[in-house]
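# mind looking at a prediction? Sequence and model below.
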Amino acid sequence: MNVLIIAAKEIHQAIRNRWVLAATLLLAGLALSLTFLGSAPTGNVGVRALDVVVVSLSSLTIFLVPLIALLISHDAIVGDMERGTMLLLLSYPVARWQVLLGKFLGHLAVLAFATCLGYGLAVGALAATGSRIDFDSLLAFAAMVGSSVLLGAAFVAIGYLVSALARDRGTAAGICIGLWLLLVLIYDMALLGVLALDQGRSISATALNAMLLLNPTDAYRLFNLTGFANVSTFAGMAGLAQTTSLTMSVLLAALLSWTLVPLGLAALAFSRREL
């Protein structure tokens with residue numbers, strides 16, 4: 001019960017601060033733009049419109065959802081400690097892990113609502129224009145939305161870990177922006193550079209799979225762009241889908257691990273932190 005009360009408080013605060021509205025409008029606006037711009041030529045090349053939307057939104061999600069998740073979570077602990085509200089909250093009969101879990105569920109609910117509603121409008125827009133939507137494309141889209149929420153959960157958990165360790169909000173914000181740059185931009189460029197230099201001499205397929213799993217955005221990308229044949233063919237990743245040994249269940253397990261491990265470490269750090 002305490003967890004749900006704290007989660008409801010975080011949701012109410014996000015609504016009051018207009019985080020819900022801002023995130024939903026941003027995701028919906030970009031999703032609709034990509035839907036109409038990306039699906040326009042599909043009738044001429046024989047590609048299903050919703051498959052184009054899945055590929056486009058997957059690329060958008062990798063950049064935008066982690067950033068939103070880190071922005072709403074980086075001061076969840078250290079911010080309340082600086083404002084003095086954490087000390088007041090813990091004066092009630094509530095455990096620290098309940099505070100952490102309640103805040104996490106509240107922030108995740110906000111992100112999930114914005115993602116599902118914002119991206120759901122893309123399907124509604126396609127249906128309104130009379131585009132044909134078959135079951136395979138709809139299944140790939142539903143998997144993309146679900147994995148987008150899971151990717152957001154991973155970065156919310158990472159933000160909580162930073163917030164539990166940082167000394168002030170400014171430091172937490174700086175670290176989170178650095179982590180976003182590292183995981184979303186720098187990691188893949190560095191990995192491509194290493195693979196280009198190695199030219200297949202030292203890095204085995206197993207090592208490459210391990211390096212891909214060490215980044216939640218890569219696990220998300222592979223899940224959505226190689227997990228479904230109709231999407232992987234259009235995305236130009238059909239060859240990778242046939243050669244990689246990372247199954248959809250393994251990629252989902254990796255995303256779940258990227259949520260549970262940082263959240264557990266955040267709970268441990270928070271339990272040992274002096275107020």
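Good, I have the coordinates.
# helix, strand or coil for residue 201?
Using DSSP: H, G, I helix; E, B strand; the rest coil, the three-state assignment for residue 201 comes out as coil.
# what are the phi and psi angles of it?
phi -80, psi -40 (degrees, to the nearest 10).
# now the one helix or strand residue 13 maps to: how far from the chain's centre is it?
Of the helices and strands defined by DSSP states H and E, residue 13 is found in helix 2-16. Relative to the chain's own centre, helix 2-16 is displaced by 21 Å; criterion: Cα atoms, centre = their mean, to the nearest Å.
# after it, which helix or strand is next?
The C-terminal neighbour of helix 2-16 among helices and strands, as given by DSSP H and E, is helix 19-38.
# got the buried residues for that following helix?
19, 20, 23, 24, 27, 28, 30, 31, 32, 34, 35, 38 (16 or more other Cβ atoms under 10 Å). Just so you know, the C-beta spots here come from the backbone N, C-alpha and C atoms, and that holds for glycine as well.
# remind me which residues of this structure are low pLDDT?
Counting by pLDDT under 70, the chain shows low-confidence ranges at 38-48, 229-244.
# where do the strands sit along it?
Taking DSSP state E as the criterion, the chain carries no strands.
# show me which helix runs longest in it.
The residue-count maximum for a helix in the chain (DSSP state H) belongs to helix 96-128.
# tell me what that one is packed against?
For helix 96-128, the contact count by 3 or more Cβ pairs under 8 Å, 6 or more residues apart in numbering; DSSP states H and E identifies helix 2-16, helix 19-38, helix 49-73, helix 85-90, helix 135-165, helix 248-271 as packing neighbours.
# those helices: which one's closest to residue 209?
Between residue 209 and the helices and strands packed on helix 96-128, the shortest separation by Cβ to Cβ is 8.5 Å, and it involves helix 248-271.
# any chance you could list what contacts the closest one?
Contacts to helix 248-271, defined as Cβ atoms under 8 Å, 6 or more residues apart in numbering, come from residues 77, 96-97, 99-101, 104, 147, 150-151, 153-154, 156-158, 160-161, 163-165, 213, 216, 219-220, 222-223, 227.
# just the buried members of those?
With neighbours counted using 16+ other Cβ under 10 Å, the contacts of helix 248-271 contain these buried positions: 77, 96, 99-101, 104, 147, 150-151, 153-154, 156-158, 160-161, 163-165, 213, 216, 219-220, 222-223, 227.
# if we can go back for a sec, any chance of the helices and strands packed on helix 96-128 in TSV, plus distance to residue 185?
Converted to TSV, these look like this (distance: least, Cβ to Cβ, whole Å):
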stretch	distance to residue 185
helix 2-16	27
helix 19-38	18
helix 49-73	8
helix 85-90	33
helix 135-165	14
helix 248-271	17
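# how about these, which one is nearest residue 115?
Among the helices and strands packed on helix 96-128, helix 135-165 comes nearest to residue 115, with 5.2 Å by Cβ to Cβ.
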